[in-house]
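> With the input below, show me the fold.
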Amino acid sequence: MQTGISIYPGLGGSAATHTALLEKAAAAGVTRIFTSLHIPETNIDELQEELHGLLEAAQYHHMDVAADVSPATQKVLKLDTLTPNALLELGITTVRFDFGFDISKIALFSKAMHIQLNASTVQPSYIQELRQAGADFAHIEALHNFYPRPHTGLGEDYVRQQSAWLQDEGIAVGAFIPSQSGRRGPLFEGLPTLELHRPMDVSLTSRHIAAMGLQSVFIGDSAPSQKELNMLTRTGREEKKVVVIKARLLSHEPYVRDLLSSTFTARLDPARDAIRTQESRHFLGDRTIEADGPFRSLRRGDITIDNADYHRYMGEVQLLLTNQLAEERTNIVAEIMPNELFLLPYITPGRKFRLELIR
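As a prediction, the model looks like this:
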C-alpha cells in the first residue's frame with residue numbers, strides 16, 4: 001500500500017518546518033505528499049513563498065505530489081494557463097480535481113499526467129462521461145475527502161461501497177487518516193475520511209484502510225510525529241491483502257508465540273462461531289499440546305488452540321466470533337485487543353491474516 005503525508009503551505013509553519021517533515025517522511029519510507037491549493041484559510045503570499053522549496057525537496061526524494069486544485073489555482077500559482085506541463089514543471093505530479101472543471105479538461109489532463117478524482121462524491125455517470133471523453137484511465141485514481149468537523153466523516157459502509165465500485169472500474173482508491181499528535185487548524189479535530197478513525201492511532205487506522213483493500217493512505221494532518229510516520233510505513237510495507245490485528249499474548253509457552261506469529265489463511269468454508277485457520281495444524285508439526293487452563297468461558301476475540309483432548313483437531317488455531325461455554329479441550333492463548341475487534345469481519349474466507357502480538 002502506498003503511504004503519504006499532507007503538507008499545507010500558507011497554513012502555519014514555515015518552509016523550513018515543511019521541508020523538515022518531508023525529509024523525515026522520506027527517510028521513513030513515505031513516497032507521496034498531498035497538498036491543497038484552494039483552502040479558504042490559506043495565506044496566499046506565504047503559500048507562494050513556501051511552495052517552491054517544498055516541491056523542490058519532493059523532486060529530490062522522488063516523491064509524488066498530489067495537489068488539490070480549483071479554478072482559482074491558476075491565480076494562486078501565478079500561471080498564465082493551468083496546464084499539465086505548467087504543473088509538471090513546478091513539480092506537481094498528480095492533480096486532484098474536486099469541482100469547477102469540465103469533463104473534457106479532466107480527460108485532457110489525464111493524457112499528460114496522473115489525476116485524482118474525489119472518491120467520496122464521484123458517481124458512475126461521471127466515470128462513463130470520462131470514458132466517452134477519451135480519458136486515459138491508466139493515469140486516473142481516486143482519493144476520498146477528509147472531514148475537519150467532528151461528526152461529518154464518512155461511514156464505513158459507504159466508503160467500502162464507494163471504493164469497491166471504483167476499483168471494479170479499474171481505479172485505485174485512497175483515503176485519509178488523522179494524526180493524534182499534530183493536528184491541523186483551524187479546528188484541530190483531525191482530518192480523517194472515516195468518522196470512526198478520528199480518535200484512533202495511525203497504526204490502527206492505516207491497518208483498517210489496508211484491510212478495506214484501498215491502495216493508498218495519507219495522514220491528513222500536517223504535523224505527524226516520528227512514531228506516527230513509522231506506524232504508517234510499517235503498514236505500507238505489509239504483504240498485500242493481509243489483515244493485521246493486534247492481540248495480547250496470554251500464553252508463556254515459546255511454541256505458542258512462534259505458532260501465532262505465522263501468517264494464516266482463513267478457511268474457505270467459514271464456521272459460524274469462529275475464524276478457522278487452514279495451516280495451523282500443519283505448522284504445529286509433531287508437537288503435542290497438553291491441556292492448559294484456566295478454562296473460563298470463551299469470549300468473542302479470544303484466540304484459542306485446540307489441545308490433545310480434541311484429538312485430530314489438536315493444533316487448530318481459532319479466532320472466536322461469538323461467546324461460548326468453557327471448553328477444557330481448548331487452550332485460550334491470546335485475545336484480540338478490544339478496540340481492534342471491528343477488524344474481524346475483514347478476515348473473509350480465503351483471506352490471509354497476521355497477529356501482531358503484545359504482552
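> mind giving me the domain split of this structure?
As given by automatic domain parsing, the domain ranges for the chain are 2-238, 244-358.
> Quick check: which of those domains has the most neighbours on average?
domain 2-238 (a mean of 18; mean count of other C-beta atoms under 10 Å). No exception for glycine: its C-beta is placed from N, CA and C like everyone else's.
> That one: end-to-end distance?
11 Å (C-alpha to C-alpha, to the nearest Å).
> pLDDT of it, averaged?
Domain 2-238 carries an average pLDDT of 95.
> Same check on stretch 319-327?
So the average pLDDT for stretch 319-327 ends up being 97.
> now it, how far from the centre of its chain.
Remark: stretch 319-327 is offset 30 Å from the chain centroid, using C-alpha atoms, centre = their mean, to the nearest Å.
> What does the closest residue in space to residue 315 that isn't next to it in sequence show for phi and psi?
Take residue 315 and drop its neighbours on the chain: the residue closest to it by C-beta to C-beta, 6 or more residues apart in numbering is residue 284, 3.6 Å away. Phi and psi for residue 284, reported as degrees, to the nearest 10, are phi -70, psi -30.
> can you pull the contacts of residue 284?
Contacts for residue 284 (C-beta atoms under 8 Å, 6 or more residues apart in numbering) come out as 259, 314-315.
> and which of these is nearest residue 164?
residue 259 (33.8 Å; C-beta to C-beta).
> Name the SS class of that closest one, please.
helix (DSSP: H, G, I helix; E, B strand; the rest coil).
> who's in contact with it?
280, 283-284, 305, 317.
> Strands - which of these land there?
Of these, the ones assigned to strands by DSSP state E are 305, 317.
> Please export the C-alpha coordinates of stretch 109-124 as PDB.
The C-alpha coordinates for stretch 109-124 follow below in PDB (Å, rounded to 0.1, in the frame of the first residue of the first chain):
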ATOM      1  CA  PHE A 109      -5.100  16.300 -18.200                       C
ATOM      2  CA  SER A 110      -5.300  12.500 -17.900                       C
ATOM      3  CA  LYS A 111      -3.400  12.100 -21.100                       C
ATOM      4  CA  ALA A 112      -0.500  14.100 -19.800                       C
ATOM      5  CA  MET A 113      -0.200  13.400 -16.100                       C
ATOM      6  CA  HIS A 114      -1.800  11.500 -13.200                       C
ATOM      7  CA  ILE A 115      -5.100  12.800 -11.800                       C
ATOM      8  CA  GLN A 116      -7.200  12.000  -8.800                       C
ATOM      9  CA  LEU A 117     -11.000  12.100  -8.600                       C
ATOM     10  CA  ASN A 118     -12.900  12.800  -5.500                       C
ATOM     11  CA  ALA A 119     -13.700   9.200  -4.400                       C
ATOM     12  CA  SER A 120     -16.300  10.400  -1.800                       C
ATOM     13  CA  THR A 121     -18.600  12.100  -4.300                       C
ATOM     14  CA  VAL A 122     -17.900  10.800  -7.800                       C
ATOM     15  CA  GLN A 123     -20.800   8.900  -9.400                       C
ATOM     16  CA  PRO A 124     -21.000   6.200 -12.100                       C
END
